[in-house]
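**Student:** Predicted model and sequence follow; I will ask about them next.
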Amino acid sequence: MAKVILLNGSPKQNGCTARALKEVADTLNQNGVEAEIIHIGNKNIRGCIACGKCKEAGHCVFSDEVNEVAVKFRSADGLIIGSPVYYGSPAGTMLSFLDRLFYSTPFSKHLKVGAAVVSCRRGGNTATFDVLNKYFTISGMPVVSSTYWNQVHGFSAMDVERDLEGLQTMRNLGKNMAFMIKAIKDAKDKYGAPKLETGTFTSFSDGK
């Protein structure tokens with residue numbers, strides 16, 4: 001069975017972000033995709049220190065939740081990143097976690113599907129959404145959309161219950177993600193995965 005992991009980047013285990021992710025997870029399960037929600041936002045996650053040791057070891061030098069999730073990410077078919085809005089950007093713990101997760105993992109993420117989910121009281125949602133999606137697009141991961149930007153509004157989980165359009169968006173996101181995972185698998189079986197070019201690295205270090 002296909003599997004998606006969902007990361008809750010909110011410090012609150014049962015807050016707005018969690019409510020949105022649950023709606024997506026339930027829909028994924030209903031469409032034949034296993035979904036696991038992992039709470040990251042309440043963990044003590046430090047940022048990347050650019051030591052480069054992950055290139056030698058194949059994992060981050062700091063032994064914490066980043067390396068634990070990396071094992072699950074490697075075998076997963078999809079990843080959903082959920083975060084509240086803090087000052088018009090994702091929560092800091094989530095950003096530190098994602099920087100290290102994506103940089104330290106040597107396995108290919110090509111054609112794993114990704115989606116960002118954002119919760120906010122009022123503003124900063126699309127800016128946060130943009131930041132999170134960049135982790136996917138730099139890694140060859142197709143980004144899953146819905147019938148609106150993947151966001152819910154509210155100050156509490158009870159508020160999100162009243163955001164009927166937001167919850168509808170989450171359900172449609174789950175349906176689209178399940179479909180895309182199945183479609184990519186079928187295409188791989190029929191045509192094979194695209195062969196990517198590698199090796200070219202342009203830095204203009206000679207000043208020309």
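**Tutor:** On my side now, so go ahead.
**Student:** And the longest helix belonging to the chain, how far out from the chain middle?
**Tutor:** Counting residues, the longest helix found in the chain (DSSP state H) is helix 164-191. In terms of C-alpha atoms, centre = their mean, to the nearest Å, the gap separating the centre of helix 164-191 from the centre of its chain is 14 Å.
**Student:** tell me which residues in stretch 88-103 are buried?
**Tutor:** Neighbour-count burial for stretch 88-103 flags 89-91, 93-102 (criterion: 16 or more other C-beta atoms under 10 Å). (Glycine included, C-beta is placed from N, CA and C.)
**Student:** Can you name the next helix or strand after the lowest-mean-pLDDT helix or strand in the chain?
**Tutor:** Every helix and strand in the chain was compared by mean pLDDT, DSSP states H and E; the lowest is helix 53-57, with a mean of 95. The helix or strand immediately downstream of helix 53-57 is helix 65-75, counting by DSSP states H and E.
**Student:** Would you mark the buried spots in that next one?
**Tutor:** Quick answer for helix 65-75 (16+ other C-beta under 10 Å): 65-67, 69-70, 73.
**Student:** got the contact list for Ser96?
**Tutor:** Ser96 makes contacts with 45-48, as judged by C-beta atoms under 8 Å, 6 or more residues apart in numbering.
**Student:** of these, buried ones?
**Tutor:** Buried among these by 16+ other C-beta under 10 Å: 45, 48.
**Student:** Among the contacts of Ser96, which lie within helices?
**Tutor:** In helices, defined here by DSSP H, there are no members of these.
**Student:** Please dump the contacts of Ser96 into a markdown table; it should also carry distance to Lys55 for every row.
**Tutor:** Converted to a markdown table, those look like this (distance: C-beta to C-beta, whole Å):
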| residue | distance to Lys55 |
| --- | --- |
| Ile45 | 20 |
| Arg46 | 19 |
| Gly47 | 18 |
| Cys48 | 12 |
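**Student:** The closest residue to Ala20 other than its chain neighbours in helix, strand or coil?
**Tutor:** Distance criterion C-beta to C-beta, 6 or more residues apart in numbering; nearest residue to Ala20, sequence neighbours excluded, is Val152 at 4.5 Å. Recorded secondary structure, Val152: strand (DSSP: H, G, I helix; E, B strand; the rest coil).
**Student:** Dig out what Val152 forms beta bridges with.
**Tutor:** Ser119 (DSSP bridges).
**Student:** Compute the number of surrounding residues for it.
**Tutor:** Val152 has 26 neighbours, counted by other C-beta atoms under 10 Å.
**Student:** I figured it hits Arg121, correct?
**Tutor:** No - judged on C-beta atoms under 8 Å, Val152 makes no contact with Arg121 at a distance of 10.5 Å.
**Student:** Pull up the gap between Gly32 and Thr126, please.
**Tutor:** 31 Å (C-beta to C-beta, to the nearest Å).
**Student:** who's more crowded, the two?
**Tutor:** Each of Gly32 and Thr126 has its neighbours counted (other C-beta under 10 Å); Thr126 has more, 14 against 11.
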